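[1] what follows is a predicted protein model with its sequence.
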Amino acid sequence: MHRKPFLPQKPCQRCGRPFVWRKKWERDWEQVKYCSERCRRAPERA
């Protein structure tokens with residue numbers, strides 16, 4: 001059985017696109033705010 005559709009999601013604080021839980025974020029999923037390094041490094045929009 002493939003469980004990918006049942007993983008938690010949340011929106012990226014920079015771009016607003018939804019992103020899905022990843023194994024590497026297992027311990028700090030609550031602190032993850034951005035969908036990618038590109039969004040994390042991008043300057044704030046005005």
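    Looks like it came in fine. Numbering: from 1, shown residues only.
[2] tell me the phi and psi of the residue lying closest to residue 25 once chain neighbours are set aside?
    Excluding its sequence neighbours, the residue lying closest to residue 25 (C-beta to C-beta, 6 or more residues apart in numbering) is residue 32, at 5.0 Å. Bear in mind the C-beta positions are built from the backbone N, C-alpha and C, glycine included. Main-chain dihedrals, residue 32, degrees, to the nearest 10: phi -70, psi 130.
[3] show me where this structure has strands.
    Under the criterion DSSP state E, strands of the chain are mapped to 9-11, 18-20.
[4] list the contacts of the first one.
    Spelled out, that is strand 9-11. 17-21, 32 (C-beta atoms under 8 Å, 6 or more residues apart in numbering).
[5] now list the buried members of those.
    19, 32 (16 or more other C-beta atoms under 10 Å).
[6] which pair of the contacts of strand 9-11 spans the longest distance?
    For the contacts of strand 9-11, the maximum inter-member distance is 14.6 Å, found between 17 and 21 (C-beta to C-beta).
[7] ok, residue 4 - how many residues close by?
    For residue 4, the neighbour count with other C-beta atoms under 10 Å is 7.
[8] please list all residues in contact with it.
    Residues counted as contacts of residue 4 (C-beta under 8 Å, 6+ apart) are residue 20.
[9] now with 10 Å?
    Neighbouring residues of residue 4 by C-beta atoms under 10 Å, 6 or more residues apart in numbering: 20-21.
[10] roughly how far apart are it and residue 44?
    Using C-beta to C-beta, to the nearest Å, residue 4 is found at 32 Å from residue 44.
[11] circling back to that earlier point, between the contacts of strand 9-11, which is nearest residue 8?
    Nearest to residue 8 among these is residue 21, at 4.7 Å by C-beta to C-beta.
[12] now that closest one: phi and psi?
    Per-residue torsions, residue 21: phi -50, psi 140 (degrees, to the nearest 10).
[13] model confidence score at it, please.
    Here the pLDDT value assigned to residue 21 is 93.
[14] show me what contacts the most centrally placed residue in the chain?
    Central residue of the chain (C-alpha atoms, centre = their mean): residue 35, 3.7 Å from the mean position. Going by C-beta under 10 Å, 6+ apart, residue 35 touches 10-20.
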